[in-house]
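K.L.:
just need the structure, nothing else, for what follows:
(chains A and B)
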Amino acid sequence: MKKFDKNKLILGLAAPVLAIVAALVITSIIIAATGQDPLHAYEVMVDFGSKADSQVWIINKATPYYLSALAVAIGFRMNLFNIGVDGQYRIAAFFAAVVGGALTLPGIVQVPVIIIVAMIVGAIWAGIAGLLKVTRGVNEVISTIMLNAIGASVIGYFLQDGRLAEKEGNLIHTPYLPDSAHFFEIPTTPKPIYGFVVIAALAGVAYWFVLNRTRFGFDLRTVGRSESAAQASGVSVKRMVITAMVLSGAMAGLVGMPTLLGVSYNYGTDFPVGIGFTGIAIALLGRNNPFGMALAALLWGFLERTGTQLEFEGYAQEIVGVIQGVIVLCVVIAYEIVRRYGLKVQQRKVGEELAAQARKSDKAEVSA
Amino acid sequence: MKGPLVRRVSTIAVAGISTAALAFTLTACGESSTESGDAKGKGVGLAFDVGGRDDHSFNESAARGVDKAEKELGVKSKMMTAKNGETEADREQRLSSLAEAGYNPVIGVGFNYSKSIEKVAKEFPKTSFAVVDSVAPGKNIDSITFGEHEGSYLAGVAAALKSKSHKVGFIGGVNNALIQKFQAGFEQGAKDTDSKIEVTSQYLYPNNDKGFNDPAAAKEKAKGMLDSGVDVIYTAAGLSGNGSIEAISGQKGAWAIGVDSDQYQQPGLDKYKSSILTSVVKNVDVAVFDLIKSVQDGKPLTGPHAYLLKDGGVSLATSGGAIDDIKDKIADAKKKIADGQVKVRTTP
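P.N.:
Prediction:
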């Protein structure tokens, strides 16, 4: 039994290693095809990406990616494709910024209030899609992507001078949060790490615990595997769909917080967009595993950090985008290959055991 | 049979991971990427706004300034492009990698760079920075802004003189502070020239950068204006302007006024150029060249610099000759602004 577990672990490792090797090979070919030296590119990336300030940058960049991946993964675990994390975190961050900018409370109250508002708004926005799915059978892919567009319009309407925003030069943004709402920083050199990384880590632990160690998590995964089986064993699928979407949306609400509470202190026309879609790629890459997604988020940050440096060294800026795409594809394919290989190994093993048993019983019959 | 393969895979995996981890910790010991860069003058570092060098308007104009400096001053340059959906961290990194590699000056094109320039300029006090279309505080920052309202005033003058129906129109891409300057100047110029004139001003989008990239919407807006009797339309909407120029070219006797670049000269608009009256040109290249030259001379420009009509920062294009017959009146208006006789408003 123990040996079998070890094999399982190795198989689990084989897939990402295979994916990364394949991605490296493919990327090298692409870089070489553009007439550049791929080895030098990797050298630049490793060298630049491992510098102290790069590491801080990567961790800060990976924090929202990780939260976004967690939000997507909650849906994935029960076969829900929440494509609307992008809209959810933006509308959540916007209203959290509005509320935070209007209040001046002590930090110990102010910061949680902002975070909770964001989680509630995110949960409501995702909950709409959940509700539509269970009451009207609307596919969540369609409804969440539509809600992204609606969310962007709602923000566009309110984000105007004289409505909920103010003008600063040519930028338009919500009023600044008071100093009390600034999240703590971890004083690393040369630049600090945003304290929200702690919340992200806690969120990862909570994700792992709830999904793997609670009745609720079991129900959720059961629904993901087979709705009818779950229904038969007494799980209310409808309730699970809504709950999962609400949880996913609440997690999405956290995505904008590192930026809002640690960098911009307002929601403006320059607030980052698209993190929700990055989260999908990272959840795929990390296989919905809390630790795997953390690594994937860091890898993403690493690629983005070093991509600018590559452009600097005369490589095409798009190379990093290509690498990211290739990695995701390779991961999906590699896992499928390894899964099939594992299945074959298992079948052969079971076959051998059965054959051995059959031989044994044959002998027993003969001797009898 | 599977044993050796699996074992080999696991050995490779362990070896790979441990080497990577080792390399990471060894090289990372406290060294920051800013410390290892050399700080010799390498030339000009230019960070573009989204769209990149070949946007036929704003970025391209900045690039022209660098090209000119390369030719005339013999400096080298490095130009980098923004991606869609960037964060502050990306912009800061782009600027600081240019600065730490020794490029001087470092120029951010577009008001999106205002905050990041302010931050990065503090970290590299010996490097000169510049930001276009925004004012950023800092001892080593040249804040380049333009007198869009003054150039637009002249466009208003030209429109009023050329309109037969006494109705002229303004189409803005996005209703933001920058584009309102164009509107204010145009309206004032038209009204100062012809007291009976009727100016219609409309925007494509209240608050969405798509307004600079939606020619179809501009075409519809322009058609609507033409139908209501407007016969000169000034469009300040980046790429969207092409749609409005197309609509105007379909109506005989109607004129289009272009923006940012001399649109009469643009190959992409060749078909419609007989309808292009003039363009309000924003000479980002002049400002960029000035800064590069000042750095070369050892006296870098700092602080806010408004490139107004009198400095040639903005101008009215004359190619095509459609405004040759009224050029005296335009020169007259230009002189009044330069002398300060006429103050052009920046908000409508």
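K.L.:
residues from the stretch 201-350 of chain A in reach of chain B?
P.N.:
A:259, A:263-264, A:269-270, A:272-274, A:304-305, A:308-309, A:311-312, A:317, A:345 (CB under 8 Å from any CB of the partner chain). C-beta coordinates here come from the backbone N, C-alpha and C atoms, glycine included.
K.L.:
ok, now with 10 Å
P.N.:
Taking CB under 10 Å from any CB of the partner chain as the contact definition, the stretch 201-350 of chain A meets chain B at A:259, A:263-264, A:268-275, A:277-278, A:301, A:304-305, A:307-309, A:311-314, A:317-318, A:320-321, A:338, A:341, A:344-345, A:348-349.
K.L.:
for stretch A:250-265, measure first residue to last.
P.N.:
Stretch A:250-265 has its terminal residues 20 Å apart, counting by CA to CA, to the nearest Å.
K.L.:
where exactly do the helices run in the stretch 101-250 of chain A?
P.N.:
For the stretch 101-250 of chain A, applying DSSP state H, counting those that start in this stretch gives helices covering A:107-136, A:140-158, A:196-213, A:215-225, A:227-232, A:237-255.
K.L.:
what are the contacting residues of the shortest one?
P.N.:
The reference is to helix A:227-232. Residues from elsewhere that reach helix A:227-232 (CB atoms under 10 Å, 6 or more residues apart in numbering or on different chains): A:78-79, A:218-224, A:226, A:235-238, A:240-241.
K.L.:
could you tell me which of those count as buried?
P.N.:
Buried members of these, counted by 16 or more other CB atoms under 10 Å in any protein chain shown: A:78-79, A:219-220, A:222-224, A:235, A:237, A:240-241.
K.L.:
how about the residues you listed in CSV, adding distance to A:Ala152?
P.N.:
Formatted as CSV, the buried ones among the contacts of helix A:227-232 follow (distance: CB to CB, whole Å):
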residue, distance to A:Ala152
A:Met78, 27
A:Asn79, 27
A:Asp219, 34
A:Leu220, 30
A:Thr222, 35
A:Val223, 31
A:Gly224, 30
A:Val235, 35
A:Val237, 31
A:Met240, 29
A:Val241, 25
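K.L.:
out of the contacts of helix A:227-232, who's nearest chain B?
P.N.:
Closest approach between these and chain B, by CB to the nearest CB: A:Arg221, at 27.5 Å.
K.L.:
B:Ile107 belongs to a strand?
P.N.:
Yes - counting by DSSP: H, G, I helix; E, B strand; the rest coil, B:Ile107 is part of a strand.
K.L.:
report how many residues lie close to it.
P.N.:
Using other CB atoms under 10 Å in any protein chain shown, the number of residues around B:Ile107 comes to 31.
K.L.:
nearest residue to it in space, please, no chain neighbours.
P.N.:
Leaving aside its sequence neighbours, B:Ile107 sits nearest to B:Ala130 (CB to CB, 6 or more residues apart in numbering or on different chains; 4.5 Å).
K.L.:
can you tell me which residues contact that neighbour?
P.N.:
Shown in contact with B:Ala130 (CB under 10 Å, 6+ apart): B:44, B:46, B:62, B:105-109, B:113, B:117, B:121, B:136, B:140-144, B:287-288, B:290-292, B:294-295, B:300-302, B:305.
K.L.:
partner strands of the helix or strand harbouring it and their direction?
P.N.:
Applying DSSP states H and E as the criterion places B:Ala130 in strand B:129-132. In the sheet, strand B:129-132 lines up against strand B:106-109 (parallel), strand B:141-146 (parallel) (DSSP bridges).
K.L.:
and among the ones you listed, the most buried is which?
P.N.:
Compared across these, strand B:106-109 shows the largest average neighbour count, a mean of 30 (mean count of other CB atoms under 10 Å in any protein chain shown).
K.L.:
tell me how far the very next helix or strand once past that strand lies from the chain's centre.
P.N.:
Helices and strands here follow DSSP H and E; after strand B:106-109, the next one along the chain is helix B:114-123. Centroid separation between helix B:114-123 and its chain, computed with CA atoms, centre = their mean, to the nearest Å, is 19 Å.
K.L.:
same check, this time on stretch A:334-341
P.N.:
Computed by CA atoms, centre = their mean, the chain-centroid distance of stretch A:334-341 equals 22 Å.
K.L.:
list the buried residues in that stretch.
P.N.:
For stretch A:334-341, burial by neighbour count (16+ other CB under 10 Å) applies to A:334-335, A:338.
K.L.:
closest to chain B among those residues?
P.N.:
Here the nearest of the buried residues of stretch A:334-341 to chain B, counting by CB to the nearest CB, is A:Val338; it sits at 10.0 Å.
K.L.:
who are the contact partners of the closest residue to that closest one other than its chain neighbours?
P.N.:
Distances taken as CB to CB, 6+ apart put A:Ala15 closest to A:Val338, at 4.2 Å, once the chain neighbours are dropped. With contacts taken as CB under 10 Å, 6+ apart, A:Ala15 has the following neighbours: A:287, A:330-339, A:341-342.
K.L.:
please enumerate the strands of the stretch 201-348 of chain B.
P.N.:
Applying DSSP state E, counting those that start in this stretch to the stretch 201-348 of chain B gives strands spanning B:232-236, B:255-260, B:276-282, B:303-307, B:314-316.
K.L.:
and these: which comes nearest A:Gly107?
P.N.:
Taking CB to CB as the criterion, A:Gly107 comes closest to strand B:303-307 out of the strands of the stretch 201-348 of chain B, the separation being 35.5 Å.
K.L.:
buried set for the closest one?
P.N.:
Across strand B:303-307, burial judged by 16+ other CB under 10 Å covers B:305, B:307.
K.L.:
same question, stretch B:206-225
P.N.:
Quick answer for stretch B:206-225 (16+ other CB under 10 Å): B:207-208, B:211-215, B:217-219, B:221-223, B:225.
K.L.:
do the same with stretch B:254-264
P.N.:
Residues of stretch B:254-264 classed as buried: B:254-264 (neighbour count, 16+ other CB under 10 Å).
K.L.:
could I get the residues you listed as TSV with pLDDT and distance to chain A?
P.N.:
Converted to TSV, the buried residues of stretch B:254-264 look like this (pLDDT from 0 to 100; distance: CB to the nearest CB, whole Å):
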residue	pLDDT	distance to chain A
B:Ala254	94	31
B:Trp255	95	29
B:Ala256	95	26
B:Ile257	95	23
B:Gly258	91	22
B:Val259	88	16
B:Asp260	82	15
B:Ser261	81	20
B:Asp262	86	24
B:Gln263	84	23
B:Tyr264	88	28
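K.L.:
rewinding a little: quick one: buried ones out of the residues of the stretch 201-350 of chain A next to chain B?
P.N.:
Neighbour-count burial (16+ other CB under 10 Å) applied to those gives A:259, A:263-264, A:268-273, A:275, A:277-278, A:301, A:304-305, A:307-309, A:311-313, A:317, A:320, A:338, A:345.
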